[in-house]
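S.K.: For reference, the sequence and a predicted model appear below.
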Amino acid sequence: MFDLVTTKEHDESRQGEAFAPFEKDPNTYRKRFFIESYGCAMNFSDSEIVASILNGAGFGATRDAEAADLVLLNTCSIREKAEQTVRKRLTEFKKMKRRNPGLLVGVLGCMAERLKSKLLEEEKLVDLVVGPDAYRTLPNLIEEAETGQKAVNVLLSRDETYADISPVRLDSNGVTAFVSIMRGCNNMCSFCVVPFTRGRERSRDAASIVRECRELFEQGFKEVTLLGQNVDSYYFVSDADPRPVSFAMLLVMVAEISPLLRVRFSTSHPKDITDDVLHAINSHENICRYIHLPVQSGSTRILQLMNRTYTREWYKAKVDRIREIIPDCGISSDIIAGFCTESDADHQDTLEIMSYSRYDMSYMFFYSERPGTLAHRRYEDDIPESVKKRRLQEIVALQGKLSAMSNNGDVGKVFKVLIEGDSKKSGTDWKGRNSQNKMVVFPKEHGNYAIGDYAWVKITGHTQATLIGTAIGEPLN
Ligand code: 5AD
Ligand code: SF4
């Protein structure tokens, strides 16, 4: 209940989502695959690459696991709970496999990478274990598994970016898409399993990123989110041109495809986001004024144990700088309660930095020790669960107040909203996001709008997580 994974990175409503078959696909397939994804946006984006590779190997997608020849789970290891969810799901597939012994079951992603062939011993029904850098080998691994052998490839790569593979947008709203710009992570945050499951940082060819974004725009998409574990350390040098492309430059290159294509990005590490990036955001109206800037803790001592490489003062100065250069910028955060040795005073520091930063929203977790991480090796997970939960509850309550304050401040303002579809609650309302990444809901009756249009919306009120408004003026296409 307290592990609030309601994020865009960890979008709760998408966890365990299965892909629909490719729309208007003229091909017929000999076999069908079913893929379910967990974890961050990166994993969902990877599933689109996997779908493309499988498609090339003659597999069509199905949303019905019972109708599949191959069932894949693209998994997450970030917290213990994420792994438990997958284990539970595997027991359900066990029954399916009993009914259909020819069915192949594969585990992809971070859990595959973390546990490697141990997964085969622990989960007897698993036939394939494939890490995040080995998806190109899936067709061969499947052939191997079809002969009755267990197939494993968990090799991490220094250069794999899947740059040349066109992801299949299987379950898209046709308006917003994720584009992976880098893989891996070189930061060694002591709580985090990612450096072990996704390997070294590598940036994707800038030209291939711009090409993919342009193709998306030509297909009618209006927003791309540039994805990476640490997008601000994006750095690419091509053989043809010795001038390196920085993240700030990449943002501008993508923004210049069209003023009608919005550009977002996630995730930033506070230590790497530069003034250049902040100025780049300001330079183009279609680069969204929203930065996800995970603080993790407000205590300098805990930040040091977490190996975050900044102090609370340094982080606050970064928030000041963002507000100075981009006064209307939305800021959100990730916060961990109850990290090793955290005292009540440390916890108070976290509450204080939240108030100082005035986050529009946060993704809040209690600490979950992950095997193999620096924290697991070096520190004792010594905060009792009851204390972790109490602190998390206080963090959640404070964030509720900060979000309400932020939303109150928006009443009376007019925002440009990109319409993503019908509101969840009512078919007579549109939903979309403003530049600051806040969800805005407004009645369809004022104006003649369609999905993918931009609308000017005057905010009249809000709920906890949504702004409510009225469209003014005409659609902007
Ligand atoms: N326990 C709890 N939360 C964690 N995160 C990463 N590792 C852990 C862990 N071991 C959180 C961080 C990170 C977000 C994606 O997940 O806040 O930014
Ligand atoms: Fe994404 Fe990290 Fe989970 Fe892997 S462990 S899926 S990188 S959040």
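M.R.: On my side now, so go ahead. Numbers count the residues shown, from 1 in each chain. Ligands and ions are numbered 1, 2, ... in the order given.

S.K.: Report the secondary structure state of Gly102.
M.R.: Using DSSP: H, G, I helix; E, B strand; the rest coil, the structure places Gly102 in coil.

S.K.: Model confidence for the residue of the stretch 51-200 of the chain found nearest ligand 1, exactly?
M.R.: When distances are taken as Cβ to the nearest ligand atom, the stretch 51-200 of the chain approaches ligand 1 most closely through Phe191, which lies 4.2 Å from it. All C-beta atoms are positioned from the backbone trio N, CA, C, and that covers glycine. Here, the pLDDT recorded for Phe191 equals 98.

S.K.: just Val252 next, same as before
M.R.: What the model reports for Val252 is a pLDDT of 98.

S.K.: looking at this structure, which helix or strand is least sure?
M.R.: Ranked by mean pLDDT, DSSP states H and E, the helix or strand of the chain with the weakest confidence is strand 17-18, at a mean of 73.

S.K.: So which elements touch that strand?
M.R.: The contact analysis (3 or more Cβ pairs under 8 Å, 6 or more residues apart in numbering; DSSP states H and E) places strand 17-18 against strand 31-37.

S.K.: Any part of the next helix or strand after the strand it packs on near ligand 1?
M.R.: Next in sequence after strand 31-37, counting helices and strands by DSSP states H and E, comes helix 41-56. No: for helix 41-56 and ligand 1, the contact criterion (Cβ under 6 Å from any ligand atom) is not met; the two come no nearer than 10.2 Å.

S.K.: Taking strand 31-37 as reference, get the angle to helix 41-56.
M.R.: Helix 41-56 and strand 31-37 are oriented at 180 degrees to each other (axes from the mean of the first three to the mean of the last three Cα atoms, to 10 degrees).

S.K.: Dump helix 41-56 to CSV, keeping only the CA atoms.
M.R.: What follows is helix 41-56 as a C-alpha-only set of coordinates in CSV (Å, rounded to 0.1, in the frame of the first residue of the first chain):
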residue,chain,number,x,y,z
ALA,A,41,9.2,3.3,-19.1
MET,A,42,12.5,1.9,-20.3
ASN,A,43,11.2,-1.6,-19.9
PHE,A,44,8.0,-0.8,-21.8
SER,A,45,10.1,0.8,-24.5
ASP,A,46,12.3,-2.4,-24.6
SER,A,47,9.2,-4.5,-25.1
GLU,A,48,8.5,-2.5,-28.2
ILE,A,49,11.9,-3.5,-29.5
VAL,A,50,11.4,-7.1,-28.6
ALA,A,51,8.1,-7.0,-30.4
SER,A,52,9.8,-5.7,-33.5
ILE,A,53,12.5,-8.4,-33.3
LEU,A,54,9.9,-11.2,-32.8
ASN,A,55,7.8,-9.8,-35.6
GLY,A,56,10.8,-10.1,-37.9
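
S.K.: For that helix, enumerate the helices and strands it packs against.
M.R.: Using 3+ Cβ pairs under 8 Å, 6+ apart as the contact test, the elements touching helix 41-56 are strand 31-37, strand 59-61, strand 70-75, strand 104-109, helix 138-146, strand 176-180, strand 223-227.

S.K.: follow-up on the earlier one: got a list of what the residue of the stretch 51-200 of the chain closest to ligand 1 touches?
M.R.: Residues touching Phe191, when contacts are defined by Cβ atoms under 8 Å, 6 or more residues apart in numbering, comprise 296, 306, 336, 339, 367, 370, 373, 375.

S.K.: Those residues in helices, which ones?
M.R.: The subset of the contacts of Phe191 located in helices under the criterion DSSP state H comprises Ala375.

S.K.: and the protein, which of its residues are near ligand 2?
M.R.: For the chain, the residues in contact with ligand 2 under the definition Cβ under 6 Å from any ligand atom are 39-40, 42-43, 76-78, 109-110, 193-194, 197-198.

S.K.: Could you export the residues you listed as TSV, including neighbour count?
M.R.: Compiled in TSV, the residues of the chain next to ligand 2 are given as follows (neighbours: other Cβ atoms under 10 Å):
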residue	neighbour count
Gly39	27
Cys40	25
Met42	24
Asn43	22
Cys76	27
Ser77	26
Ile78	24
Gly109	29
Cys110	28
Val193	24
Val194	24
Thr197	27
Arg198	23
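
S.K.: To what extent is Glu445 buried, counted in neighbours?
M.R.: By the measure other Cβ atoms under 10 Å, the count of residues near Glu445 is 9.
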